[in-house]
Structure formats: C-alpha cells, structure tokens
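>>> quick one, fold the following:
(one chain, ligands or ions: 2)
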Amino acid sequence: MSVAANIAPEGQITKNSSTKEVIIGRPRSYGIEILRNPILNKGMAFTLEERQTLGLHGLLPPALVDQDKQVYQVMQNFYRWDNDLDRFIFMIGLQDRSEKLFYRVITENIELMMPIIYTPTVGLACQKYGMVYRKPRGLYITIHDLGHVYDILCNWPVDIVKAIVVTDGERILGLGDLGAYGMGIPVGKLSLYTACAGIPPQSCLPITIDVGTNNKDLLNDPLYIGLRQKRVTGPEYDKLIDEFMKAVVKRYGESCLIQFEDFGNHNAFRLLEKYRSHYCTFNDDIQGTAAVAVAGILSSLMITKVCLKNNVFLFQGAGEASIGIAKLLVKAIVASGQTEENALKQIWLVDSKGLIVKKRPKGGVEGEKVLFAKDHQPLDKLEDVVESIKPTVLIGAAAIPGAFTEKILKDMAKFNEIPVIFALSNPTSKAECTAEDTYKATDGKAVFASGSPFDKVELKGKTFHPGQGNNAYIFPGVALAVIAVDIRCITEEVFLAAAESLAKMVTKEDLAEGRVYPKLCQIRSVSLQLAEDVINYAYNNNLAYHYPRPSNIQEFLRDFIYNTDYESYLPPVYNWPKYNELPINA
Ligand SMILES: O=C([O-])CC(=O)C(=O)O
Ligand SMILES: [Mg+2]
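Ligands and ions are numbered 1, 2, ... in the order given. Here you go, the predicted model:
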C-alpha cells in the first residue's frame, strides 16, 4: 500500500499496513522534516521559540548552539580525519545536513577546503564515487531517456534554476573516462559557484549525461552507479545533447547558463561551436582554462619583463585546454597591437605525434590544430622541441605526469633569464612536473603555476609560492556576471575581459613573491571584482539583457549574493492594536 493511501483526513482512525489501529491523519508536526531538510536545517541553532513554534521541541538536545560554535564543531571534526577522501565525505555529509553551515565553513576556510571539495580530492572522490555516493544531488539523464529529457528536468524540485554544470564524464580532469562517476565534478564546480561568487545554491543544478562508459574497470566495478554499457556515440548522442539543450530552455528559459565540463575533446569543441551563438553556454575546459592561463601569462610577463610579442609559447598537448589557451592568447596578442599572423607564429604545440608541423610523417593535422601548424622539421620528443624552438613560456595541459623532465626544466633556465613554466594538468598526480622539481632544476629562477595546488617550496633559504592556475579563478565570476545581468551569448571577448581583469588584480607584492595569481584566500573578492569587470564589458558591448544598467554594480551584485547567516523562522512582529481593542463588525 502506498504511503499516500495510508493518510486519512485529520484525526480519522484508519489501519496501517501492520493491522494495528493507529491515528494516521495529518502528523501533528512537520518539525522533523525541517531538520531533515538541509536548506532549512539550522541544527541546534534553532532558538527555543522556534523549536516550540515549529514542533522541534524535544527533537534536539536542549543546548542552543549558534552558528559560530557550529563552525568550531565542524572544524574540530574536520581535523579528526587523517585523509582527504574522508574529509571530502565528511564535508558532503555536512552539505547534506545544513547547506548554510557548509557554505559558511567553505567560504571562511577556502584555501583549506578547496583542495578537498575540488581538485585534487574531488578527482579521487570521482574515481570512488560508487563508494562515496550517499544522497541524490543533481540529475542523471541517460541515453535511454531520449524523448523524455524535459520530463526528467521537471522532476528537479526547483522551478527557478539559473545555472547548470553538465558533464558526460568522458574526460574527468586528467583522469579519463569516469562515466557516471563524473557527477562529482558538476557538484564540486557548483559548490564553487556559491563559495567563490556567492551564487545561491538553490539556483544551481548539477547534471550528468550518461551515455555509458568505455572504462573497462568501471564496467566491471560492482559499485558502479552508471549505465553498464559502452558509450553511445554519433547521431544518437547528438540527439540526446540537442534534446537536453532544448529541454533546459523550455524548463528554465533561455537565460539559464549551461556550463560544459569535462567532455571528451572531440565533443567539447564541436558542441561549443554548435551551441555558443544560440544558447547561454560556455565550455570551462576550453574557455575558463584559457582565461586563467592567459591571465597568468600576462602577469608573469610583469616579472620576466619580456613583452608579449617577443615571447615564444610552447604547449605540451593540443586538446581542449591547450587549444583554448592558444586561441585566447592570439586574441590577447592581437589586442596588444600585433597582427594575427604574427601572433600565430609565436605559438607552438606538441601533441601525441610530436611537434605540430605542416608536413608530418605520422599523419596530417586536423581541426583546430591546423591554425598552429608550422613549417618546421618534424620532432617527436618534447625535449628536442624545447631545445630547438627555445620557448620563453612552457605550458602543459595533456595530463602526462613527468612530461617536463629535469632536462627540459634546466634548458628552460638556460635559454631564459626567468622561464615561465605552467603545469596545468589536474589533479596533482597528472601535473607535468612538481613545483619543487621546477624551482630546483631552474635554481629558483622559474615563474611556476599549476592547475592543482602545490605547497610552497623552501630552497636555499628562500620561500617560493607556486600559483594555482585553475579555472576556479574564472568560472564563478563569469557565471555571476552572466546570471546577474542576463548575458545570453558568452563571446570569446568575455573571457579575454575576464583574463585581463584577473591579471589586473595581481599585486606588486604577489609578483615580488613570484605569484602570478592573487592569493587563493582572496578568491571570493577576486570573483566579485571579476564579475563586475565582465558586467561592465557586457554593457559596453551590448551583451547584457538586464535593463536598466545598474548604476552601482557592487550594490546590485550584493542583492544576488547568498547569505550564510541563519534566518529567523518566527513570524515578524506586526504593529497591530491588541485584538480586543479592534472594532467589531456590526
Ligand atoms: O576542475 C579543475 O580543477 C580544472 C578543470 O576544469 C579540469 O582540469 O578539467
Ligand atoms: Mg574541467
């Protein structure tokens, strides 16, 4: 018998499935539901009046614990765990219990928490998602749901969603195909929407599109939570994505932002080109990463003092990140007054077949790579390429750990007074080299940044501060701008504006310490400033639909920002006359 069938009108005696006669009518109190709802739950911070009014009295221990003390209690628990995966599970548990407390803890301890709820730990959590999974968070749309995607979106209990992060799990960080286990990424990215840019969590929706996985380990994993089949590709895949895009607009309107995350290379570029001018969408791995890397390059040139047009850029990898960065870099070079032709000459790429040159013995050059193919003899090994073209800036984004060998790092220091080395692959285990390797091999001369965090390095009595060139400096601020002023077409120039904004926020002190990004502990104020700069760019270039243009953008944004303070659930006190003094109707 269904639960609904058991519920009788208030006070009526009925029978439940266990034949005992009980009063089942409307429960006297829904208080327990409030405690079970992470959006409403304040735990022991409910006041005595609230406990009595809401039917919570007796359901909680008698002590009152305000939010400050709850934060202290959370942190005490957090430090008890001796590994990051347990800390991740603990924090997700908190998110499931009390959303406001979760975001207060994350926001106030962002430097400590980001490596847990985001890269690198989120990567490990995705690899073990079958074990980590506790409660539903986000939507799963599978290839078998073709024709019903809108109905699934209608099952999401929130009617106003402003932003979706979607993955199909094919290339989760640098870890490859994790199928439905990839859900950790949209969830983690959206947590940063709130923690870094104050976007209310209720307006965010994580989605995993499950078309199967080609990861044999997962197909044999008894805990796997996704479809146990090979990836569906081709027209059927495209049909599902197309239906998904249309269903989002039907359910949430054309202003709903759709952030693509961790799709395979072949789909990422294709889908971005297909949808970018008709939908409010961007690809974080192509465009977000591009903006953060270009920002890092612009600020590292403040240290090296080599002007943009005199640099030689070499990319290890020619996938989403490398091509995205290379293309945005061309725009940055052109914006500094050079021709596109000259800008392209400065940028070299290496893929799995070696240096990208026009005539390759091992097959041709395709797609976006064609732009960057050079008239040069083919070279297979990165070491030979570095020796031959002598880059000033070396960027890794192909998830090949150790790709930047000691010889390469030493050569970079030989060819440049201050070499710039970015090991951007995630998580930490996939970085092309470590911060320590870099500083040691270059005798502390290099400017270094990585996608996932590295600790500071002590060398010969000096302290080096590696920067974290992660798109987390970009996507929350861009998303806030997009949502706040209704930007419906997110152009490449928006990301250039974001990159310039981020580079501008790097201070002289940061540069003096070799840091090419603002300190991570400032990421919240950085994201808000970046949002403001993007909003100004959008209004100046007719991209914002929100009308009229706010006169004070900071004040305007403040209205949007999620507040982690608990609200009172008691009714407001009205200034009415006493009831017995009210005139009585004749
Ligand atoms: O998630 C991150 O840390 C950065 C990113 O988008 C990726 O590596 O795919
Ligand atoms: Mg990504």
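>>> now the residue nearest to the spatial centre of the chain: closest residue in space, sequence neighbours ignored.
In the chain, the C-alpha nearest the mean C-alpha coordinate belongs to Lys189, at 2.7 Å (C-alpha atoms, centre = their mean). The shortest distance from Lys189 to any non-neighbouring residue, by C-beta to C-beta, 6 or more residues apart in numbering, is to Val165 (4.6 Å). Yep, even glycine has a C-beta here, placed from its N, CA and C like the rest.
>>> which SS state does that neighbour fall under?
strand (DSSP: H, G, I helix; E, B strand; the rest coil).
>>> show me what the longest strand along the chain pairs with in its sheet, parallel or antiparallel.
Criterion DSSP state E: the longest strand present in the chain is strand 204-210. Each strand paired with strand 204-210, and its direction, by DSSP bridges: strand 139-142 (parallel), strand 163-167 (parallel).
>>> of the ones you listed, flag the one that's most buried.
strand 163-167 (a mean of 26; mean count of other C-beta atoms under 10 Å).
>>> and that strand, how far out from the chain middle?
9 Å (C-alpha atoms, centre = their mean, to the nearest Å).
>>> over to stretch 352-364?
34 Å.
>>> in stretch 96-112, what counts as buried?
96-107, 109-110, 112 (16 or more other C-beta atoms under 10 Å).
>>> again with stretch 384-404
385-386, 389, 391-401, 403-404.
>>> cool, stretch 438-446 as well?
Those would be 438-442, 446, for stretch 438-446 by 16+ other C-beta under 10 Å.
>>> and stretch 540-547, by the same measure?
By neighbour count on 16+ other C-beta under 10 Å, the buried set for stretch 540-547 is 543-544, 546.
>>> mind listing what the residue nearest to the centre of the chain touches?
Contacts for Lys189 (C-beta atoms under 8 Å, 6 or more residues apart in numbering) come out as 118, 165, 206, 259, 261, 284, 475.
>>> quick one: the fourth one is in a helix?
If I follow you right, that is Gln259. No - assigned with three-state DSSP, Gln259 falls outside any helix and is strand.
>>> ok, it touching Ile185?
No - counting by C-beta atoms under 8 Å, Gln259 does not reach Ile185; the two are 10.5 Å apart.
>>> and for those two, which residues touch both?
Common contacts of Gln259 and Ile185 (C-beta under 8 Å, 6+ apart): Val165.
>>> about what we covered before: which helix or strand lies directly C-terminal to the longest strand of the chain?
helix 216-219 (DSSP states H and E).
>>> wait, which of the buried residues of stretch 540-547 is closest to Leu175?
Leu175 lies nearest to Leu543 out of the buried residues of stretch 540-547, by C-beta to C-beta, at 34.8 Å.
>>> skipping adjacent residues, who's closest to that closest one in space?
Using C-beta to C-beta, 6+ apart, the closest residue to Leu543 is Ile487 (5.0 Å).
>>> and the helix or strand hosting Trp348, what does it pack against?
Using DSSP H and E, Trp348 sits in strand 347-351. Applying 3 or more C-beta pairs under 8 Å, 6 or more residues apart in numbering; DSSP states H and E, one finds that strand 347-351 contacts strand 313-316, helix 320-335, helix 382-389.
>>> dump the ones you listed into CSV; add mean pLDDT and distance to Ser277 as well.
Output for the helices and strands packed on strand 347-351, formatted as CSV (pLDDT from 0 to 100; distance: least, C-beta to C-beta, whole Å):
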stretch, mean pLDDT, distance to Ser277
strand 313-316, 98, 27
helix 320-335, 98, 16
helix 382-389, 98, 35
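>>> picking that back up, any chance you could list what contacts the following helix or strand past the strand holding Trp348?
The helix or strand immediately downstream of strand 347-351 is strand 354-355, counting by DSSP H and E. With contacts defined as C-beta under 8 Å, 6+ apart, strand 354-355 is touched by 348-349, 360, 362, 374, 376, 378-381, 385.
>>> again, only using 10 Å
314, 348-349, 360-362, 373-374, 376-382, 384-385, 388-389 (C-beta atoms under 10 Å, 6 or more residues apart in numbering).
>>> want to throw the strands paired with strand 204-210 into CSV with mean pLDDT and distance to Val248?
Output for those, formatted as CSV (pLDDT from 0 to 100; distance: least, C-beta to C-beta, whole Å):
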stretch, mean pLDDT, distance to Val248
strand 139-142, 98, 11
strand 163-167, 98, 6
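>>> what about the nearest residue to Leu379 once chain neighbours are set aside, how many residues close to it?
Among residues not flanking Leu379 along the chain, Leu355 sits closest, at 4.4 Å (C-beta to C-beta, 6+ apart). By the measure other C-beta atoms under 10 Å, the count of residues near Leu355 is 23.
>>> quick check: bridge partners of Leu355?
Applying DSSP bridges, one finds that Leu355 bridges with Val350.
>>> which of the contacts of strand 354-355 are buried?
The buried subset of these - by 16+ other C-beta under 10 Å - is 314, 348-349, 373-374, 379, 382, 385, 389.
>>> farthest pair in those residues?
Across the buried ones among the contacts of strand 354-355, the longest distance by C-beta to C-beta is 17.0 Å; it joins Ala373 and Leu382.
>>> put the alpha carbons of the strand holding Trp348 into PDB.
Only the C-alpha atoms of strand 347-351 are listed here, as PDB (Å, rounded to 0.1, in the frame of the first residue of the first chain):
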ATOM      1  CA  ILE A 347      52.600  29.700 -30.600                       C
ATOM      2  CA  TRP A 348      53.800  26.100 -31.000                       C
ATOM      3  CA  LEU A 349      52.000  22.900 -30.000                       C
ATOM      4  CA  VAL A 350      53.100  19.400 -29.400                       C
ATOM      5  CA  ASP A 351      50.600  16.500 -29.400                       C
END
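>>> what angle do it and helix 382-389 make?
Relative orientation of strand 347-351 versus helix 382-389 (axes from the mean of the first three to the mean of the last three C-alpha atoms, to 10 degrees): 160 degrees.
>>> what's the average pLDDT for strand 347-351?
In this model, strand 347-351 carries a mean pLDDT of 97.
>>> make 23 the first number, not 1, from now on.
OK, 23 is where the count begins now, so the last one is strand 369-373.
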